[in-house]
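A.B. asks: Here is a sequence with its predicted model. Questions after.
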Amino acid sequence: MPAFSGIKSSTGTFPVATKIADNATKWPHPDNGRSVIEGIEYSQHALGRMMPNGMQWVDGAGKVIEGRGVPPSVVQNAIQFGTQSPGKFDSIIHTYENVRVYTDVVTDAVRTIIKLGN
């Protein structure tokens, strides 16, 4: 997985999350709130879910969000090539290979990502 020194977005450059083990992986941290990566808007929750496996983030409600190791390119593929189905609460589910990406029907922002299987 590539290391990021910061990812540029429409709102500036993301700081990176903490390092993991010896193969330190850097990742955009959700503490900056929603942001746009490669033209796709992500909620804080989605950014937390995308972090590498083993990383955690505590959201504003005190809930621990576990990283699922889903990079932005996988999210892009799910949105572009995935099967679409209606979701709850005004969302669209994009299912592609081993991920489900939930987007908002009004804003198209990514709300969350669910990794299926391994």
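C.D. replies: Thanks, I have it. Everything quoted here is computed from the prediction, not taken from an experiment. Numbers count the residues shown, from 1 in each chain.

A.B. asks: CA only for contacts and neighbour counts going forward, please
C.D. replies: Will do.

A.B. asks: can you give me the helices in the protein?
C.D. replies: Secondary structure of the chain (DSSP state H): helices located at 44-50, 72-81.

A.B. asks: which helices and strands sit right next to the longest one?
C.D. replies: The one in question is helix 72-81. For helix 72-81, the packing partners by 3 or more Cα pairs under 8 Å, 6 or more residues apart in numbering; DSSP states H and E come out as strand 91-96, strand 99-104.

A.B. asks: Just want the angle from the first one to strand 99-104.
C.D. replies: With axes from the mean of the first three to the mean of the last three Cα atoms, to 10 degrees as the criterion, the two stretches strand 91-96 and strand 99-104 enclose an angle of 160 degrees.

A.B. asks: who's in contact with the residue nearest to Ile114 when sequence neighbours are not counted?
C.D. replies: Leaving aside its sequence neighbours, Ile114 sits nearest to Arg100 (Cα to Cα, 6 or more residues apart in numbering; 5.1 Å). Counting by Cα atoms under 8 Å, 6 or more residues apart in numbering, Arg100 touches 78, 93-94, 113-116.

A.B. asks: 6 Å - rerun?
C.D. replies: By Cα atoms under 6 Å, 6 or more residues apart in numbering, the contact set of Arg100 is 94, 113-114.

A.B. asks: Tell me how many other residues surround Val36.
C.D. replies: 17 (other Cα atoms under 10 Å).

A.B. asks: how long is stretch 85-105 end to end?
C.D. replies: 11 Å (Cα to Cα, to the nearest Å).

A.B. asks: What of stretch 97-117?
C.D. replies: Stretch 97-117 has an end-to-end distance of 10 Å (criterion: Cα to Cα).

A.B. asks: How far off centre is it?
C.D. replies: Relative to its chain's centre, stretch 97-117 lies at 9 Å (Cα atoms, centre = their mean, to the nearest Å).

A.B. asks: and what of stretch 31-44?
C.D. replies: 8 Å.

A.B. asks: Stretch 56-65 now?
C.D. replies: 14 Å.

A.B. asks: what pairs with the residue nearest to Ile114 across the strands?
C.D. replies: Thr95, Ile114 (DSSP bridges).

A.B. asks: again, but for Ile40
C.D. replies: Ile37.
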